[in-house]
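Chemist: okay, here's the prediction I keep looking at, along with the sequence it came from:
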Amino acid sequence: MRWVTFDCFGTLVDWRHGIANGADLLFPGRGADLLERYNQHEGAVQEQSPTLRYRYVMAEALRRAAADLGLTVRDDDASVLAAGIPYWPTFPDTRAALAELRAAGWRLALLTNCDRDIIGHTQRRLEVPVDAIVTAEDVGAYKPALEHFHRFRDSFAPEHWVHVAQSHRHDMVPARELGLTRVWINRTGEPDDGIAHAVRPDLRDLLATVRLVSGLE
């Protein structure tokens, strides 16, 4: 079987937009500042509490980000980010890329650092069926830990497997450790250290890229 696995938020769904706009609801005009601080805290919360559900990870990371800026998140406001996830937009290139892969015979899976109910809401935004999902809630860990990848491999034994993701730390590094074929969707223009088999700024030519790196042109 031919599989393409994806990280969801940041790769298919505009995670940065969602976090910034959710934070801006609480602190108007401060969403961008809070996003940057949030990025510095989320991974630490996940490492400290790998079995904590993602909605609570988000709440704690938001509290820490706000505290950095001298702001206080009230307890009854801490769920604002999780509450907004069903409305986070996909990137403009997402649906076409997924549809093209499916039409070409590739099966699609999501390996995502979130809860089952959250990814359930997000699927309606994708509008393209996926064949498998592995969440942090399923495996009791957050990437860059390897549990998502192990669960997927052990469940589906893919003959051809390409992993596609935006996060270098959470996805490209562990995928390299496991020897997976990997495509880095470098949406934010980070420096390329050469560990991915292909680097693209977006998903617009993903089918051709997957064919190329998999050797199945």
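Modeler: Received it, and whenever you're ready, just let me know what you need.

Chemist: surely residue 126 is in contact with residue 97?
Modeler: No: contact criterion CB atoms under 8 Å: residue 126 and residue 97 do not qualify, at 10.5 Å. All C-beta spots, glycine's among them, are computed from the backbone N, C-alpha and C.

Chemist: among these two, which residue is more densely surrounded?
Modeler: residue 97 (25 against 20; other CB atoms under 10 Å).

Chemist: quick check: mean pLDDT of the helix or strand that one falls within?
Modeler: Per DSSP states H and E: residue 97 is located in helix 94-103. Mean per-residue pLDDT for helix 94-103: 98.

Chemist: other SSEs contacting that helix?
Modeler: strand 107-112, helix 116-126, helix 206-214 (3 or more CB pairs under 8 Å, 6 or more residues apart in numbering; DSSP states H and E).

Chemist: for these, please prepare JSON lines with the additional fields distance to residue 46.
Modeler: Formatted as JSON lines, the helices and strands packed on helix 94-103 follow (distance: least, CB to CB, whole Å):
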{"stretch": "strand 107-112", "distance to residue 46": "13"}
{"stretch": "helix 116-126", "distance to residue 46": "14"}
{"stretch": "helix 206-214", "distance to residue 46": "27"}
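
Chemist: so where do the helices sit in the chain?
Modeler: Taking DSSP state H as the test, the helices found in the chain are 15-26, 31-48, 54-68, 80-84, 94-103, 116-126, 136-139, 147-156, 173-177, 206-214.

Chemist: by mean pLDDT, point me to the weakest helix or strand of this structure.
Modeler: helix 116-126 (a mean of 94; mean pLDDT, DSSP states H and E).

Chemist: how's this protein carved up into domains?
Modeler: The chain breaks down into these domains under automatic domain parsing: 2-13+88-214, 15-84.

Chemist: return the distance of the last one from the chain's centre.
Modeler: The one in question is domain 15-84. What separates the centre of domain 15-84 from the centre of its chain is 16 Å, taken as CA atoms, centre = their mean, to the nearest Å.

Chemist: do the same with the first one
Modeler: The gap between where domain 2-13+88-214 is centred and where its chain is centred comes out at 8 Å by CA atoms, centre = their mean.

Chemist: if we can go back for a sec, tilt between the helix holding residue 97 and helix 116-126?
Modeler: 90 degrees (axes from the mean of the first three to the mean of the last three CA atoms, to 10 degrees).

Chemist: tell me which of the helices and strands packed on helix 94-103 sits nearest to residue 68.
Modeler: Closest approach to residue 68 among the helices and strands packed on helix 94-103 (CB to CB): helix 116-126, 25.0 Å.

Chemist: what is that closest one packed up against?
Modeler: helix 94-103, strand 132-135.

Chemist: how about TSV for these, with distance to residue 120 added?
Modeler: Formatted as TSV, those follow (distance: least, CB to CB, whole Å):
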stretch	distance to residue 120
helix 94-103	17
strand 132-135	9
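
Chemist: most tightly surrounded among those?
Modeler: Sort the helices and strands packed on helix 116-126 by mean neighbour count, taking mean count of other CB atoms under 10 Å, and strand 132-135 sits at the top with a mean of 20.

Chemist: what does the helix holding residue 97 rub up against?
Modeler: For helix 94-103, the external contacting residues (CB atoms under 8 Å, 6 or more residues apart in numbering) are 4, 12-13, 108, 126-130, 203-204, 206-207, 210.
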